[in-house]
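> structure of the sequence below:
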Amino acid sequence: MSSNKRRLTFPFFRARPRGQSFLELALVLPILLIMLLGLVEVAYFVGHYLDALDLTREAARFASIRDPFANVVSDLNCFTGDRFNFYWDTACVFSPPDTDGAQTECKAALASNGQDLGGGNLLWWCNGMNQYLDFNPETDDIVISLYTVKKDNSIAATHPYKGPESVIDYKGNESYYWAFSNHKTGTYVATDNWKKDCRGNVVRTEPHYTQARLEDELNLSSGEFPSDVTPAAVNANRGFVAVEIFYCHSQILGVPILTDFIPNPLMLHAYTLMPLPAAAPTATTKP
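The predicted structure is shown next:
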């Protein structure tokens, strides 16, 4: 009886040839390794994207409680608190922090840092909140734009109005903006890094936010909202500030099998739109 049982069970528990196991391992191991490397790269990219998004939010919050039209003496220095430049100081949020108080890290952040712009005014782009993104002023960019919105959701003006930087949006409107790459040397030079990919090729003609895009977002029909959201009518003048970052993200591993399919570096784009009361239309007093 026991011998019959051994004869019946033996074929089912027979060990497979060792060579077959090695072959299966050789086939599966590279696939698992590629998946692991890909997972590391995706996690690193998502981490950098969230860092970039947080910086746009912090910059928009900073700008939202300030007056871009205030008639004050300004400079291009992130360390001075008494000379406020709305656009430059908002872009300062994206600069690295001055951790040692000696501006050691600042000198590497921007080639123009420490430059005397005349009258003892020094250019400094440092003392910010960016601890994780290796922002490269030669390829990366920060774009800031302001919008004055009337009660009927039409846009009365974009800012900095009549400045040197503007685009014609997809509705034919002239939308003004401020780009860090054009002002990083202390004098205006039309570089417009945001228009380019990480290899310097022009790939876009508009930032994300323009007059046309904001008007479209402000005038969404009720059917375009989620079913559990009821849009509320707004009968008031408003202002908005949009902050965008264009950042060339480099892969942490740079494995050739991944870079063959995914550009390295890869442009990362994040943005935030926030209310700006100071940009709201000013009521005209009746005589």
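
> from now on I want contacts and neighbour counts done on CA atoms only, so please keep to that.
Noted.

> ranges for the helices of the protein?
2-9, 18-64, 86-91, 106-109, 211-218, 256-259 (DSSP state H).

> quick one: the strands in the protein?
Under the criterion DSSP state E, the chain carries strands at the ranges 141-149, 155-159, 166-168, 174-176, 178-179, 238-249, 266-275.

> now those in TSV, with mean neighbour count and distance to T187?
Formatted as TSV, the strands of the chain follow (neighbours: other CA atoms under 10 Å; distance: least, CA to CA, whole Å):
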stretch	mean neighbour count	distance to T187
strand 141-149	27	16
strand 155-159	20	19
strand 166-168	17	17
strand 174-176	22	18
strand 178-179	24	12
strand 238-249	25	21
strand 266-275	19	26
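
> that older thread, closest to V241 out of the helices of the chain?
The stretch from the helices of the chain with the least distance to V241 (CA to CA) is helix 18-64; that distance is 6.7 Å.

> helices or strands up against that closest one?
Under the contact criterion of 3 or more CA pairs under 8 Å, 6 or more residues apart in numbering; DSSP states H and E, the helices and strands touching helix 18-64 comprise helix 86-91, strand 238-249, strand 266-275.

> what about stretch 130-149, average pLDDT?
Stretch 130-149 shows an average pLDDT of 97 in the prediction.

> follow-up on the earlier one: with distance to E174 and mean pLDDT as added columns, please give the helices and strands packed on helix 18-64 in TSV.
Conversion of the helices and strands packed on helix 18-64 to TSV gives the following (distance: least, CA to CA, whole Å; pLDDT from 0 to 100):
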stretch	distance to E174	mean pLDDT
helix 86-91	19	98
strand 238-249	16	98
strand 266-275	19	97
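
> turn the ones you listed into JSON lines, including distance to D197.
Compiled in JSON lines, those are given as follows (distance: least, CA to CA, whole Å):
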{"stretch": "helix 86-91", "distance to D197": "20"}
{"stretch": "strand 238-249", "distance to D197": "8"}
{"stretch": "strand 266-275", "distance to D197": "6"}
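
> which of the ones you listed sits closest to I31?
The closest of the helices and strands packed on helix 18-64 to I31 is strand 266-275. By CA to CA, the value is 23.9 Å.

> off-centre distance for the closest one?
For strand 266-275, the distance from its own C-alpha centre to the chain's C-alpha centre is 4 Å (CA atoms, centre = their mean, to the nearest Å).

> contact partners of it?
The set of residues that contact strand 266-275 without belonging to it, under CA atoms under 8 Å, 6 or more residues apart in numbering, is 49, 52-53, 56-57, 60-61, 64, 197-198, 208, 238-250.

> again, but for stretch 144-158
Outside of stretch 144-158, the residues within contact range by CA under 8 Å, 6+ apart are 87, 159-160, 175-179, 209, 211, 215, 218-219, 234-244, 279-281.

> likewise stretch 197-211?
Outside of stretch 197-211, the residues that reach it under the criterion CA under 8 Å, 6+ apart are 139, 143, 145, 147, 155, 158, 167-169, 173-176, 193-196, 242, 244, 248, 265-267, 271.

> low-confidence ranges, the stretch 151-287 of the chain, go.
Judged by pLDDT under 70, the stretch 151-287 of the chain has its weakly predicted residues at 221-225, 229-233, 235, 283-287.
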